[in-house]
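> no sequence on this one, just coordinates:
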């Protein structure tokens, strides 16, 4: 029978500003097998056979909860990274941990500072915590660390540094990042978001490893993920490296049993297949450099990328370029009136992208 209609029944009380919040916009899902999805920074290659086998061991145990402490995966990460186990926290991708960091550090009246444009989730998660976003414009498509430090006030509780930066792919160097860290008061939490760290392969570039920087800085936390280089985007597993005061707060904010058993097994198997995965990363980096060079040869301005994507600042032409790509069976990620982020795909997909870009630009 139908539910009774209650006259004068009050509606649930929600925040008045919910409807005004811009939604997070992921790369659109490809609905056609002939469409190449270059919009979400995914690894175009499937997991390694050893990783698939590790996940399959869970298929007959999906009625059981995962290990709440993820002890085996934490132990593996601890040994590989050279950090104490209690300095590690897992989450549902690095974005899940980002949400918990914001919740733990900032609330109404507080400020969260980050470069813009950068990862789209930062302003959404700051809003969800009731905090105020302070967006500092990029300079030459990368973080303006001096301006970022100048934006700090007595209300600042959290700063994000996305390195390499999403969506521009640019990275800040060790000396400038260390100088920035030294300028920030020690009570402010600084999060170095390294979702694309595995694609930083040229030591001569002197792009710092955030874990080296966190060791003697209690106010620095580092985020990493298995979604990108490791190709486990569907399983949602990432981790934070931070000092115990921060990791304890993260655990207090985390959803219990948030990282599934299959995700833990796949991440562990991926770590144990690091050499094979490095070969895949090397192939993607070579393709990234090839695509960047070819686009520049066609007259596009392409900043040096240290991630698995490239950035084209196209301004008012952005939507037209994205439409041309879609007509060619390619999905890229447009940022309205700003530019397009293009994930590096298979060589064939990249060839089609370059052909489309060359035709469109003439």
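Done, it's in. All values derive from a computational prediction rather than experimental measurement. Residues are numbered from 1 along each chain as shown.
> and the closest residue to residue 85 other than its chain neighbours, how close does it get to residue 71?
With CB to CB, 6 or more residues apart in numbering as the criterion, residue 85 has its nearest non-adjacent residue at 4.5 Å, and that residue is residue 78. Quick note: C-beta positions are derived from backbone N, CA and C, even for glycine. Using CB to CB, to the nearest Å, we find residue 78 at a distance of 10 Å from residue 71.
> more crowded one of those two?
residue 78 (16 against 11; other CB atoms under 10 Å).
> surely the more buried one meets residue 89?
No. Assessed by CB atoms under 8 Å, residue 78 is found out of contact with residue 89, at 11.8 Å.
> find the residues that touch each one of the two.
The overlap between the contact sets of residue 78 and residue 89 (CB atoms under 8 Å, 6 or more residues apart in numbering) is empty.
> in stretch 172-187, what's buried?
172, 177, 180-181, 184 (16 or more other CB atoms under 10 Å).
> can I get those residues in a markdown table including distance to residue 355?
A markdown table is the format used below for those (distance: CB to CB, whole Å):
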| residue | distance to residue 355 |
| --- | --- |
| 172 | 34 |
| 177 | 38 |
| 180 | 41 |
| 181 | 44 |
| 184 | 46 |
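> of these, closest to residue 289?
residue 172 (20.0 Å; CB to CB).
> name the SS class of that closest one, please.
coil (DSSP: H, G, I helix; E, B strand; the rest coil).
> show me the shaky parts of the chain.
Along the chain, segments meeting pLDDT under 70 span 1-34.
> which parts of it are helices?
49-56, 71-81, 93-105, 121-128, 145-150, 174-183, 210-214, 244-253, 261-271, 274-297, 318-327, 347-360 (DSSP state H).
> quick one: the longest one to helix 71-81, angle?
This points to helix 274-297. Relative orientation of helix 274-297 and helix 71-81, computed by axes from the mean of the first three to the mean of the last three CA atoms, to 10 degrees: 60 degrees.
> give the buried residues for helix 274-297.
Result for helix 274-297 [16+ other CB under 10 Å]: buried residues 277, 280-281, 284-285, 287-288, 291-292, 294-295.
> check the shortest one too.
Within helix 210-214, the residues that count as buried by 16+ other CB under 10 Å are 210-211, 213-214.
> about what we covered before: the residue nearest to residue 85: what's it in contact with?
So residue 78 contacts 84-85, 87-88 (CB under 8 Å, 6+ apart).
> isn't residue 96 right up against residue 258?
Yes. Contact status for residue 96 versus residue 258: in contact at 6.7 Å, counting by CB under 8 Å.
> of the two, give the one with the bigger neighbour count.
Neighbour count, other CB under 10 Å: between residue 96 and residue 258, residue 96 has more, with 21 against 18.
> relative to residue 324, how far out is the more buried one?
Counting by CB to CB, the gap from residue 96 to residue 324 is 35 Å.
> residue 316 too?
Distance from residue 316 to residue 324, by CB to CB: 15 Å.
> once you drop chain neighbours, what's closest to the most centrally placed residue in the chain?
The C-alpha lying nearest the average C-alpha coordinate of the chain belongs to residue 195 (CA atoms, centre = their mean; 4.6 Å). Nearest non-adjacent residue to residue 195, counting by CB to CB, 6+ apart: residue 225, 4.9 Å away.
> could you report the neighbour count for residue 298?
With other CB under 10 Å as criterion, residue 298 counts 14.
> that one contacts residue 357, doesn't it?
Yes. Here residue 298 reaches residue 357: they are 6.1 Å apart, a contact under CB under 8 Å.
> just the residues contacting stretch 140-157, thanks.
Contacts of stretch 140-157 with the rest of the structure, by CB under 8 Å, 6+ apart, involve 105-106, 109-115, 131-132, 134, 136-139, 159, 161-163, 165, 168, 170-172, 176-177, 179-180, 183-185, 188-189, 303, 311, 313.
> among those, which are in strands?
111-115, 132, 134, 136-137, 159, 161-162, 189, 311, 313 (DSSP state E).
> show the buried residues in those residues.
Buried members of the ones in strands among the contacts of stretch 140-157, scored by 16+ other CB under 10 Å, are 111-115, 132, 134, 136, 159, 161-162, 189, 311, 313.
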